[in-house]
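[1] give me the fold of what follows.
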Amino acid sequence: MDETSADSVTLDMLREARETVSRSPLGVINTPMIPWSQTTLPLSVSCNIQIKLENLQRTGSFKIRGVANQFARRPKGGRFVTMSAGNYGKSFAYASKHYGSQGKVVMPETAPESKSILIQSFGVEVERVPTSCLMNVVNRCVQDDNMTFLHSYDDLDLIAGHASLGMEVLEVLPEPDVVVVCCGGGGLLAGVAAAIKLSGCDKTRIYGVEPEGACTMYKSFTEKKPVGMDTKSIASGLAPPFAGRLPYELCQRYVEGIILVSDEEIKTAVSTLYRAGLVVEPSGSAAFAAIDNNKIPDMEEKNIVCILSGGNIGKDELANFPD
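    Have a look, this model is predicted:
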């Protein structure tokens with residue numbers, strides 16, 4: 001990773017990754033994009049919004065895209081370790097089982113217990129630790145157990161795989177005015193932004209959305225370098241302890257800005273989406289929360305894409321959200 005820069009990401013590379021993802025034996029889905037106007041969702045601004053339903057993706061989130069490209073470029077039957085709050089870990093475990101690899105997921109203690117159980121059901125070991133200790137445990141597994149680290153967001157192959165989502169968007173809406181994407185470590189945002197901008201959509205404005213309590217990319221933009229923080233949010237999938245170096249470089253190049261939403265706005269977004277028949281987890285609802293609270297600049301009469309990035313939320317968790 002250290003030698004990799006934003007210059008390494010080319011349109012040809014992203015197109016090749018798109019082919020790899022679409023042919024993957026993991027069964028990655030070209031998810032539907034539906035007009036906001038065909039739902040019962042409220043809209044206070046006059047604009048045309050398309051919703052990309054990654055909550056319907058195989059394993060329940062966009063993460064399978066990057067994982068499909070990562071595993072296609074690694075030896076089968078390897079021994080891999082990663083860190084994840086849930087969604088990447090689920091896709092990683094699913095791929096590990098398919099390819100006959102030995103896997104371990106290091107999870108923050110704040111992640112829902114249900115996600116740990118689900119990951120373990122694929123035959124992958126889970127170790128839950130304080131967020132500040134994630135990388136220490138990963139490094140121990142690499143050094144002591146001779147495992148290969150697969151990064152859950154700061155990895156070239158992963159980002160290229162996520163770019164397939166951006167290319168699917170352009171097949172439906174060739175020149176969007178605005179694209180709104182959730183942002184944790186920045187892998188999805190970087191991949192989607194690179195795909196759209198390198199495809200020639202120079203005028204498209206791309207915004208990342210982060211929780212106020214886990215705004216590592218926002219702070220990185222402010223300090224002009226990747227930074228970490230003590231993150232805390234109901235959207236645990238958007239709360240890694242630091243922004244990725246390569247995602248930061250790509251976001252600096254291709255992203256208009258980072259929008260912040262509160263945990264209360266995320267909770268309301270989950271409930272609003274659920275009432276409209278869309279099961280979306282807190283981390284997957286951030287982009288919608290930003291649009292629903294009119295936080296995206298200049299939306300009037302624009303063609304906008306909102307990515308709902310994941311739907312891994314259980315009935316027990318949904319019960320904690322307002323009706």
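
[2] helix, strand, or coil at the closest residue to residue 199 other than its chain neighbours?
    Among residues not flanking residue 199 along the chain, residue 170 sits closest, at 5.7 Å (CB to CB, 6 or more residues apart in numbering). Placement of C-beta: from N, CA and C, glycine included. Of the three states, residue 170 takes helix under DSSP: H, G, I helix; E, B strand; the rest coil.

[3] now do the same contact list for residue 170.
    Contacts were defined as CB atoms under 8 Å, 6 or more residues apart in numbering; by that measure residue 170 touches 176, 195, 196, 199, 201.

[4] show me what the host helix or strand of residue 107 is packed up against.
    Taking DSSP states H and E as the definition, residue 107 sits inside strand 102-108. Secondary-structure packing of strand 102-108 (3 or more CB pairs under 8 Å, 6 or more residues apart in numbering; DSSP states H and E): strand 79-83, helix 87-99, helix 113-120, strand 125-129, helix 134-145.

[5] that one vs helix 134-145, what angle?
    Relative orientation of strand 102-108 versus helix 134-145 (axes from the mean of the first three to the mean of the last three CA atoms, to 10 degrees): 150 degrees.

[6] three-state assignment of the nearest residue to residue 34 once chain neighbours are set aside?
    The shortest distance from residue 34 to any non-neighbouring residue, by CB to CB, 6+ apart, is to residue 51 (5.4 Å). The three-state label given to residue 51 by three-state DSSP is strand.

[7] how many neighbours does residue 51 have?
    Using other CB atoms under 10 Å, residue 51 has 26 neighbouring residues.

[8] in terms of pLDDT, where does it sit?
    Note for residue 51: predicted pLDDT of 97.

[9] what average pLDDT does stretch 165-176 get?
    97.

[10] same question but for stretch 269-278, I mixed them up
    Confidence over stretch 269-278, taken as the mean pLDDT, stands at 94.

[11] hmm, who's touching that stretch?
    39-42, 53, 55, 261, 279-282, 285-286, 288-289, 292, 308, 311, 313, 318, 321-323.

[12] related to what we said a few turns ago, in a markdown table: the helices and strands packed on strand 102-108, plus mean neighbour count.
    Putting these into a markdown table (neighbours: other CB atoms under 10 Å) gives the following:
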| stretch | mean neighbour count |
| --- | --- |
| strand 79-83 | 23 |
| helix 87-99 | 25 |
| helix 113-120 | 17 |
| strand 125-129 | 16 |
| helix 134-145 | 15 |
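
[13] for residue 265, which of those is the nearest?
    Smallest distance to residue 265 across these (CB to CB): 20.4 Å, for helix 87-99.
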